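Trainee: Pasting the sequence and the predicted coordinates here, then a few questions.
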Amino acid sequence: MAELPILQFEEKIIDTVQKNPVTVIIGETGSGKSTQLSQILHRHRYTKSGIIGVTQPRRVAAVSVARRVAQELGVRLGDEVGYAIRFEDRTSERTRIKYLTDGVLLRESLSNPELDQYSVIILDEAHERSLNTDVLLGLMKRLVKLRTSSLRVLITSATLDGEKVSKFFLDCPVLNVPGKLYPVEILYSKERPTSYLESCLRVAIDIHIREPEGDVLIFMTGQDDIEKLVAKLEDKIRSLEEGSCMDAIVLPLHGSLPPEMQVRVFTPPPSNCRRFIVSTNIAETSLTVDGVVYVVDCGYVKQRQYVPSTGMYSLDVVQISKVQANQRAGRAGRTRPGKCYRLYPSRVYEEEFLDVTVPEIQRSSLTGSILYLKSLDLPDIDILKFDFLDPPSSESLEDALKQLYLIDAIDENGSITSIGRTMADLPLEPSLSRTLMEANEYGCLSQALTVVAMLSAETTLLPGRSKGASKGAEKKRKHTPLELPDGSGWGDHIQLLQIFEQWDQNGYDVDWCKDHELQVRGMMFVKDVRKQLCQIMQKIAKGSLDVRPKERRKESRQDYKDLRKALCVGYAGQVAERMIRHNGYRTIGFKSQLVQVHPSSVVRSDEEGMLPNYVVYHELIVTSHPYMRNVCAVEMPWVTPILKKLEKISVSKLSGGSGHVGEETNRKIVDLPKKDMNVQVPDD
Ligand code: ADP
C-alpha cells in the first residue's frame, strides 16, 4: 500500500501540536487522519503521560478504525489499542490509544470533567457536525482555557471548514494535508430519474459491461434500499452470462450491518473481480473503501429531523449538500482517475443543493445534551449562552428545558435536581432514565430495565416494528413464525417485556428466537445491555437495589400497573389523549397535534372499537401521517399531575431569566376544530 499522505507531515504535525494546545488538521478522506494521527502521537511519546482518545461520531467507525490500528501495531484489540462505544467497552488498563464515540467521551467528562486521564483528545470527523461533537467542541474550548496541564486537542476534518473551527478556537493553527486525488469526471443525468433504485441499477450494470476494472461505490439512502439494490444487482449480474469478462461481488455497507459483514469491504477482491459496494453516506467520509474508481450518487440522504414546536421526528430523504456531493465524487479518485455518475442534472446541484450540510445541533432534540451540560455544573457557563460553533435555535433550547422540567430533571427555576443528576449518570435518553428511577420507587425496576434494554435494540429485533410489517416480507417467509406475546392490551412496552420474559423462561434459547423471527444477535445484545444497566443502577444506588430478573411476583397483576405508571412519569413530555371524533390522539404538551398509533403497534381498538383514553409514546415520527411509535396505555389520574405542571410552566423562569422569554403556556383542554390542527387530519 502506498504511504498515506499524512505520514509525510509527521514532523510538522508534532511540531505544531507541541507548541499549541489546539490544532486543526484538514485532510482529504483516506489521507490517514483516523488511523495514523494517533500512531504518530504514540511514536512521539504522547502516550507516556496519558491516553490518546480519538472520538468518532459513528459506532461503526470507532470499532473499525480501532481494529485497523491494533492490526497495524500488531497488538490485540482491547490491549494497547481499544474502543469504547455505548454498551461495549473493549479497553483495559493497558490501553493507550482509545477510539470512542463522541457520546462516550461526553459521558466520561461527566464523571471526570477535566478528562485528566487523556494526554491528547482528537475530535475526528468534525465535519460531520454531530450533536455530541459540537457539544464537545464547546467543552474543549473551555477545558483548554482552564487546564493548566498539557492537554492537546486535535480537531480533524475532511472538508474546508477549518477556518471556522480555527476562529472558534481563537485562531489556532490549521494544518492542511493535501491528499493525492486524481481527477474525477463528473457525469450528470439529464433529468431526475423516476426511480433512483432502477436508475442506480442501470448505471451500475452499464459500468460493469463497458468500463475497465475498478470497484463501484453506490450511494443509497438507507438499509432498505440497499438491500433491494443488492438483491437486484446480484440477479442482474447472474443473468449477464457473457456481458462482462469480469466476476463481480456485491457488498452492502451500512451502520446496522453485523461487524463481520462490515469488515468485508476492507478485504481486497480476488483478481479480475469487480466489487459493487452499496452504501449509505457512511462511505462518504467515515469509512474509506480502497479500490473505488466509479461512484454512483443518487443525490439523496436519509436524515432525521426534529421539530421542537411539535416534538415530532421525521426521517426524511433529503437532497445532499454540495459538500456531500463533492465528498462522494472524491471517493472515485483515490487510486487513479475515476468517474462519478450523478443521478441528477447539474442544475439541481447548482441551484438546489445547500452549500453545506445542516449540523445535527440544528435538527435534533437537545434534551439529553442540555441535561449533561446542566449536570456538569459549569460555574462560568449559562446554558443558553453556551459557546456552540453554530448555536441551536432558542426554540429548541426552550423545548429541551420544558421537557426536562416535565420529568423533574430541573426545577421551575431551571436548576438541576437530584433526580436530574442521577438521570445524567445513566447512558440513556432522559425519558428512559426517568422511567427507571420511578420504577425503582414502585418496585418494578427489574421489569423496567428489561423494557429499556429491549428499546435499545428494538428496531433490529422486530424488523416489522420500524416500518410497519411489509407484505413482501410476509410472502417471502418459509415458515409461519410462532406468535409473539401481544402486550395484553397495554401496548408495545409491555409486549417487549413479555417477549424478553418468555425468552428468559425458555433459558435464553437461540431456537426460540428463530421460531419467533427475532434476531438472535439482537436479543443477546439486549441481555447484555440489561446486565450493564443493572450494574450502573447498582452503582448509583450503592448496591441496594433489587434488579434480579425475578420470578413474576405472586401478587403481580396482569395490568402491569406499576410499570405503566413509571413509564407515564418518564414519558411525561410524550402523552397523548384520545380524540374519538378523529379516530386518533392528540398530543399534550406540545402544540396540539393530531396523531395516530403506528400501524406496527400492538395497540389496536378492541371489539367495541375502543382505544385507551390516554397513552404515552416513545417517539412521534412523521411518515405518511404523524405516528406515535411504541405506545403504552396509561390512566387519567397519572396524567393529571402532568397537566398541572404544564399549566404552570414559565419558560423564562426555566431558562434562568437569561433573556430568553418564552410564552407562558396557558393551555385548556378543548376539543380543537380540525382547522386548528396543523397536520393532515384523516377522514373520520
Ligand atoms: P481518513 O481518516 O483520513 O479518512 P483513514 O485513516 O480512515 O483516513 O484511512 C486510511 C487508510 O486506511 C485507507 O486506505 C483505508 O482504507 C484504510 N483503513 C481504514 N480502516 C480500515 C480497516 N478497518 N481495515 C482495513 N483498512 C482500513
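Mentor: Right, received. Where do you want to start? Here the structure is a predicted model, which is why all the values come from computation and not from measurement.
Trainee: Enumerate the residues of this structure near the ligand.
Mentor: 4, 27, 29-36, 64-65, 67-68, 266, 288, 290 (C-beta under 6 Å from any ligand atom). Bear in mind the C-beta positions are built from the backbone N, C-alpha and C, glycine included.
Trainee: among the residues you listed, which ones are buried?
Mentor: For these, a burial check counting by 16 or more other C-beta atoms under 10 Å picks out 4, 27, 29-36, 64-65, 67-68, 288.
Trainee: Tell me which of those fall in strands.
Mentor: G27 (DSSP state E).
Trainee: So of the buried ones among the residues of the chain next to the ligand, which two are at opposite extremes in space?
Mentor: Farthest pair in these (C-beta to C-beta) is G27 and R67. Separation: 21.1 Å.
Trainee: Distance from stretch 196-215 to the middle of the chain?
Mentor: From the chain centre to the centre of stretch 196-215 is a distance of 31 Å (C-alpha atoms, centre = their mean, to the nearest Å).
Trainee: My error: substitute stretch 438-451 in the last question.
Mentor: Worked out by C-alpha atoms, centre = their mean, stretch 438-451 lies 26 Å from the chain centre.
Trainee: And that stretch, what's buried?
Mentor: 438-440, 442, 444-451.
Trainee: so what does the helix or strand encompassing L455 touch, helix or strand wise?
Mentor: For L455, the enclosing helix or strand under DSSP states H and E is helix 445-461. With contacts taken as 3 or more C-beta pairs under 8 Å, 6 or more residues apart in numbering; DSSP states H and E, helix 445-461 sits against helix 430-442, helix 463-467, helix 492-505, helix 520-540, helix 561-570.
Trainee: Adding mean pLDDT, write those out as a markdown table.
Mentor: Shown next, in a markdown table, are the helices and strands packed on helix 445-461 (pLDDT from 0 to 100):
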| stretch | mean pLDDT |
| --- | --- |
| helix 430-442 | 93 |
| helix 463-467 | 46 |
| helix 492-505 | 93 |
| helix 520-540 | 90 |
| helix 561-570 | 96 |
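Trainee: so L229 makes contact with E198?
Mentor: No - using C-beta atoms under 8 Å, L229 is not in contact with E198, being 9.4 Å away.
Trainee: Name all residues that make contact with the nearest residue to S286 once chain neighbours are set aside.
Mentor: Counting by C-beta to C-beta, 6 or more residues apart in numbering, S286 lies nearest to A61, which is 4.4 Å off, once chain neighbours are set aside. Counting by C-beta atoms under 8 Å, 6 or more residues apart in numbering, A61 makes contact with 34, 125, 282, 286-287.
Trainee: next one: P626
Mentor: P626 touches 310, 312, 593-596, 620, 679, counting by C-beta under 8 Å, 6+ apart.
Trainee: ok, now how distant is it from the ligand?
Mentor: Here P626 is placed at a distance of 38 Å from the ligand (C-beta to the nearest ligand atom, to the nearest Å).
Trainee: How is the chain partitioned into domains?
Mentor: 5-177, 184-357, 365-445+483-490+530-543+556-657 (the TED database).
Trainee: Work out the gap between the first one and the centre of the chain.
Mentor: In terms of C-alpha atoms, centre = their mean, the centre of domain 5-177 is set 20 Å apart from its chain centre.
Trainee: again, but for stretch 292-309
Mentor: 14 Å.
Trainee: Stretch 303-315 now?
Mentor: Distance, stretch centre to chain centre, for stretch 303-315: 14 Å (C-alpha atoms, centre = their mean).
Trainee: Dump it to PDB, restricted to CA.
Mentor: Taking Å, rounded to 0.1, in the frame of the first residue of the first chain, the C-alpha atoms of stretch 303-315 are listed here in PDB:
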ATOM      1  CA  GLN A 303     -31.800  12.500   7.600                       C
ATOM      2  CA  ARG A 304     -33.600  12.600  11.000                       C
ATOM      3  CA  GLN A 305     -35.000  15.900  11.800                       C
ATOM      4  CA  TYR A 306     -36.700  17.100  15.000                       C
ATOM      5  CA  VAL A 307     -39.200  19.900  15.100                       C
ATOM      6  CA  PRO A 308     -39.100  21.400  18.600                       C
ATOM      7  CA  SER A 309     -42.600  23.000  18.500                       C
ATOM      8  CA  THR A 310     -44.300  19.700  17.800                       C
ATOM      9  CA  GLY A 311     -41.900  17.200  19.300                       C
ATOM     10  CA  MET A 312     -42.000  15.300  16.000                       C
ATOM     11  CA  TYR A 313     -39.300  13.500  14.300                       C
ATOM     12  CA  SER A 314     -39.200  12.800  10.700                       C
ATOM     13  CA  LEU A 315     -36.900  10.500   8.900                       C
END
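Trainee: contacting residues around it?
Mentor: 302, 316-318, 363-365, 393, 395-396, 398-400, 573-574, 587, 589-591, 593, 619-623, 626.
Trainee: and it, average pLDDT?
Mentor: For stretch 303-315, mean pLDDT is 85.
Trainee: any idea how far the residue of the stretch 401-550 of the chain found nearest the ligand lies from D511?
Mentor: Residue of the stretch 401-550 of the chain nearest the ligand, by C-beta to the nearest ligand atom: R521 (20.3 Å). Distance, R521 to D511, by C-beta to C-beta, to the nearest Å: 14 Å.
Trainee: picking up where we left off before, distance to S433 and pLDDT for the contacts of A61 - can I get that in TSV?
Mentor: Formatted as TSV, these follow (distance: C-beta to C-beta, whole Å; pLDDT from 0 to 100):
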residue	distance to S433	pLDDT
S34	31	94
E125	27	90
I282	29	89
S286	28	79
L287	32	83
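Trainee: what about I205, helix or strand, and which?
Mentor: Here I205 is assigned to helix 196-210, by DSSP H and E.
Trainee: Just the CA trace of that helix, in CSV.
Mentor: The C-alpha trace of helix 196-210 is given here as CSV (Å, rounded to 0.1, in the frame of the first residue of the first chain):
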residue,chain,number,x,y,z
TYR,A,196,-33.4,6.1,-8.4
LEU,A,197,-33.1,2.5,-7.4
GLU,A,198,-33.7,1.3,-11.0
SER,A,199,-31.5,4.1,-12.3
CYS,A,200,-28.7,3.1,-10.0
LEU,A,201,-29.1,-0.5,-11.2
ARG,A,202,-28.9,0.5,-14.8
VAL,A,203,-25.8,2.7,-14.4
ALA,A,204,-24.1,0.0,-12.3
ILE,A,205,-24.6,-2.6,-14.9
ASP,A,206,-23.5,-0.2,-17.7
ILE,A,207,-20.3,0.4,-15.8
HIS,A,208,-19.8,-3.3,-15.4
ILE,A,209,-20.2,-4.0,-19.1
ARG,A,210,-18.4,-1.0,-20.6
